[in-house]
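Asks: Make a model of this:
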Amino acid sequence: MITALISFLFEQLAPTALDQLKDKARLVSDVEKEVEQFTESLKTIQAVLKDAEKRQVKEAGVQDWLDKLKGVSYDMDNLLDVWNTQALKQQIEKRENEGENSLVNQKKKKVRFSIPIPSNWSFSGQGSPEFVVRYGISQTIKDLNSRLTKIAEDRHNYQFQYTTTSGIELPQRPKTSSLVDVSKIFGREHEKSTLISMLLGHSSSPSTGEEERGPLVIPIVGMGGMGKTTLAQLAYNDEKVKAHFEKRIWVCVSEPFDEIKIAKAIIGKDDTPISDELDAVMQSVSQSVERKRFLFVLDDVWTDDDTKWNQLKLALKFGAKGSIILVTTRKETVARMMEATTHMIHLSKLSEQNCSSLFYHIAFLDREKNKTDLFEAIGNKIVKKCDGLPLAAKTLGSLMRYKNTLEEWDDVLNSEMWEIEKVEQQVFRPLLLSYYDLTSEIKSCLLFCASFPKDYEIKKDNLIELWMSQNYLSSKRNKENRAIGQEYLMT
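Replies: Numbers count the residues shown, from 1 in each chain. Below is the predicted model:
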């Protein structure tokens with residue numbers, strides 16, 4: 001939330017916007033210097049913000065430092081509202097005066113409003129309310145500048161790691177292959193059966209004209225760690241599926257969506273064209289799949305930019321009837337972009353029984369049965385913490401495999417999940433990829449929800465109103481704020 005707010009302040013305090021506002025509000029002369037210093041302090045703080053937000057969960061001192069930063073940022077945001085109101089008031093009064101001068105004999109109703117003057121904006125000399133407002137804005141900026149300077153200096157106390165806007169370190173996106181160990185898979189029998197039926201049944205289904213537009217696209221959609229890649233691997237390696245398709249290709253896409261790299265994976269190293277020109281590569285793709293029934297897996301797709309996708313789709317339309325593109329993605333917008341929502345598979349949580357089986361398969365590996373019974377009472381409670389997420393069950397299972405006493409198991413049970421380093425690295429960091437993929441506006445809305453207690457229920461219309469009250473839904477797209485809120489909830 002603080003990252004998005006600071007980005008908003010940078011936008012409002014940009015030189016062009018600031019010059020326009022300063023001229024309209026006729027502020028005292030030293031404001032520009034104070035704002036420049038405030039902006040420089042923000043830049044200094046922005047360089048350590050990523051590390052601070054990561055550490056606030058565990059370190060109370062860092063949380064307190066961020067709270068002070070939020071306080072100053074919100075105060076500056078409020079001040080900018082007053083500043084804008086003052087500028088608007090003067091514009092209206094100017095237009096009224098011009099209208100009165102040109103239409104002397106015409107009665108005209110004047111628009112009048114007053115700006116609420118904060119109680120701490122006092123001035124001992126004589127002056128109009130407008131002067132008090134201008135003077136108050138100037139003095140408040142000085143005060144905020146002083147507070148922010150102190151916060152910027154205090155950052156040294158926490159030895160934050162520095163990052164730059166051009167070099168933000170994101171969690172590593174794991175690479176995948178088509179290989180899978182079936183003995184370590186629990187659950188997903190129904191989803192696997194459904195998917196394989198779709199793969200095998202498409203070529204024998206009646207013609208609908210769909211094949212003229214290219215191969216069928218089947219998206220597997222679900223949050224990170226839910227088992228999308230595993231389901232795709234199970235189907236890809238099924239013996240009936242292997243026999244059904246003449247050509248099978250697996251590509252780990254991730255981000256960015258590199259159509260040249262993907263195309264070369266389809267073509268294969270022996271037929272790769274010398275040129276890296278898009279047209280030459282796509283022509284080779286067309287020749288590679290022509291009249292062949294293929295299964296093409298695009299694993300971990302993030303981009304919903306149809307300009308990237310359409311070039312590849314056109315090249316693949318020359319495959320034989322029954323060809324299929326299987327896509328795994330966290331984003332339903334990817335499925336919509338690919339016009340593939342009618343065949344979409346949504347992955348939900350594992351049942352508690354399957355989650356438990358997965359956890360104990362790893363945690364009790366190579367342990368004698370008579371030595372595992374002691375741990376099951378605590379283990380069952382740990383499984384509940386996994387909340388049906390396969391990645392969490394795997395990670396905690398591998399962690400508990402090396403815990404040999406009840407005390408160690410109890411320590412894990414009673415700790416906060418994010419305090420366990422292995423869980424943070426293997427579960428939460430991959431999930432952060434979804435967070436980093438959001439726009440700054442949606443991040444603000446999501447982080448706002450963190451202020452509610454766990455399992456708190458709120459009507460979506462009420463939540464949207466709360467977002468509106470925080471100015472999170474302002475848009476340059478000429479859309480009504482409530483409609484934007486509805487879009488954010490669907491993201």
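
Asks: Could you use CA atoms for every contact and neighbour count after this?
Replies: Fine.

Asks: how does the protein divide into domains?
Replies: Split into domains by automatic domain parsing, the chain comes to 2-158, 182-346, 352-433, 438-490.

Asks: Which one of those domains lies nearest to Thr176?
Replies: domain 182-346 (5.8 Å; Cα to Cα).

Asks: now that closest one, how far from the chain's geometric center?
Replies: Distance of domain 182-346 from its chain centroid, counting by Cα atoms, centre = their mean, to the nearest Å, is 24 Å.

Asks: Can you get me the start-to-end distance on it?
Replies: In domain 182-346, first residue to last residue: 21 Å (Cα to Cα, to the nearest Å).

Asks: before we move on, what about stretch 309-322?
Replies: Length of stretch 309-322, first residue to last, Cα to Cα: 20 Å.

Asks: Which parts of it count as buried, going by neighbours?
Replies: Buried residues in stretch 309-322, defined by neighbour count with 16 or more other Cα atoms under 10 Å: Trp309, Leu312, Lys313, Leu314, Ala315, Leu316, Lys317, Phe318, Gly319, Ala320, Lys321, Gly322.

Asks: same deal with stretch 357-364?
Replies: Counting neighbours by 16+ other Cα under 10 Å, one finds that the buried residues in stretch 357-364 are Ser357, Leu358, Phe359, Tyr360, His361, Ile362, Ala363, Phe364.

Asks: Could you dump those residues into a markdown table and include distance to Ser434, secondary structure and pLDDT?
Replies: Below are those laid out as a markdown table (distance: Cα to Cα, whole Å; DSSP: H, G, I helix; E, B strand; the rest coil; pLDDT from 0 to 100):
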| residue | distance to Ser434 | secondary structure | pLDDT |
| --- | --- | --- | --- |
| Ser357 | 27 | helix | 94 |
| Leu358 | 24 | helix | 94 |
| Phe359 | 25 | helix | 94 |
| Tyr360 | 28 | helix | 94 |
| His361 | 29 | helix | 93 |
| Ile362 | 27 | helix | 92 |
| Ala363 | 28 | helix | 92 |
| Phe364 | 32 | coil | 91 |
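
Asks: And those residues, which is closest to Phe448?
Replies: Set against Phe448, the nearest of these by Cα to Cα is Phe359 (32.8 Å).

Asks: can you tell me which residues contact that closest one?
Replies: Residues near Phe359 by Cα atoms under 8 Å, 6 or more residues apart in numbering: Val383, Ala393, Lys394, Leu396, Gly397.

Asks: Tell me the helix or strand right after the helix or strand containing the second one.
Replies: With the criterion set as DSSP states H and E, the secondary-structure element containing Ala393 is helix 390-400. Sequence-wise, the next helix or strand beyond helix 390-400 is helix 406-414, with elements assigned using DSSP H and E.

Asks: Kindly calculate the angle that that next one makes with helix 390-400.
Replies: Using axes from the mean of the first three to the mean of the last three Cα atoms, to 10 degrees, one finds that helix 406-414 and helix 390-400 are set 150 degrees apart in direction.

Asks: Show me what helix 406-414 is packed against.
Replies: helix 376-386 (3 or more Cα pairs under 8 Å, 6 or more residues apart in numbering; DSSP states H and E).

Asks: buried set for stretch 481-491?
Replies: Buried residues in stretch 481-491, counting neighbours by 16+ other Cα under 10 Å, are found at Asn481, Arg482, Ile484, Gly485, Tyr488.

Asks: Other residues contacting the helix holding Ala393?
Replies: With Cα under 8 Å, 6+ apart as the contact definition, helix 390-400 has outside contacts at 225-227, 349-350, 355-356, 358-363, 383, 386, 409, 422-423, 426-427.

Asks: Give the rounded mean pLDDT of it.
Replies: For helix 390-400, mean pLDDT is 90.

Asks: Pull out the C-alpha coordinates of it and format them as PDB.
Replies: Output of helix 390-400 as PDB, limited to C-alpha atoms (Å, rounded to 0.1, in the frame of the first residue of the first chain):
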ATOM      1  CA  PRO A 390      -0.100 -28.800  -2.500                       C
ATOM      2  CA  LEU A 391       3.000 -26.600  -2.600                       C
ATOM      3  CA  ALA A 392       2.600 -25.900   1.200                       C
ATOM      4  CA  ALA A 393       2.000 -29.600   1.900                       C
ATOM      5  CA  LYS A 394       5.200 -30.500   0.000                       C
ATOM      6  CA  THR A 395       7.300 -27.800   1.600                       C
ATOM      7  CA  LEU A 396       6.100 -28.500   5.200                       C
ATOM      8  CA  GLY A 397       6.400 -32.200   4.600                       C
ATOM      9  CA  SER A 398      10.000 -31.900   3.500                       C
ATOM     10  CA  LEU A 399      10.700 -29.600   6.500                       C
ATOM     11  CA  MET A 400       9.200 -32.100   9.100                       C
END
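
Asks: how far off helix 376-386 does it point, in degrees?
Replies: Between helix 390-400 and helix 376-386, the angle comes out at 140 degrees (the same axes, to 10 degrees).

Asks: shaky segments in the stretch 1-150 of the chain?
Replies: Filtered on pLDDT under 70, the stretch 1-150 of the chain yields the residue ranges 1-5, 8, 10-12, 14-30, 57, 84, 86-134.

Asks: rerun at 90
Replies: Low-confidence segments of the stretch 1-150 of the chain (pLDDT under 90): 1-63, 67, 70-71, 73-142, 145.

Asks: How confident is the prediction for Lys369, by pLDDT?
Replies: Lys369 carries a pLDDT value of 73.

Asks: Now for it: which residues touch it?
Replies: Shown here is Lys369, which makes no contacts under the criterion Cα under 8 Å, 6+ apart.

Asks: Would you mind measuring from it to Tyr360?
Replies: The gap separating Lys369 from Tyr360 is 11 Å, by Cα to Cα.

Asks: these two touch, right, Lys228 and Pro219?
Replies: No - taking contacts as Cα atoms under 8 Å, Lys228 lies outside contact range of Pro219: 9.6 Å.

Asks: pLDDT below threshold where in the stretch 251-400 of the chain?
Replies: For the stretch 251-400 of the chain, the stretches flagged by pLDDT under 90 are 254-261, 263-281, 288, 303-311, 339-342, 365-374, 385, 387, 395, 398-399.

Asks: just the helices in it please.
Replies: Using DSSP state H, counting those that start in this stretch, the helices of the stretch 251-400 of the chain run over 259-267, 278-289, 306-316, 332-337, 352-363, 369-372, 376-386, 390-400.

Asks: could you give the angle of the second one to helix 306-316?
Replies: Which is helix 278-289. With the same axes, to 10 degrees defining the directions, helix 278-289 sits at 40 degrees from helix 306-316.

Asks: Show me what helix 278-289 is packed up against.
Replies: Short answer (3+ Cα pairs under 8 Å, 6+ apart): helix 278-289 packs on helix 259-267, helix 306-316.

Asks: again, only using 6 Å
Replies: If contacts are counted by 3 or more Cα pairs under 6 Å, 6 or more residues apart in numbering; DSSP states H and E, helix 278-289 sits against helix 306-316.

Asks: what's in contact with the helix it packs on?
Replies: Helix 306-316 is contacted from outside by Met282, Ser286, using Cα atoms under 6 Å, 6 or more residues apart in numbering.

Asks: That one to helix 259-267, inter-axis angle?
Replies: Using the same axes, to 10 degrees: helix 306-316 against helix 259-267 is 20 degrees.
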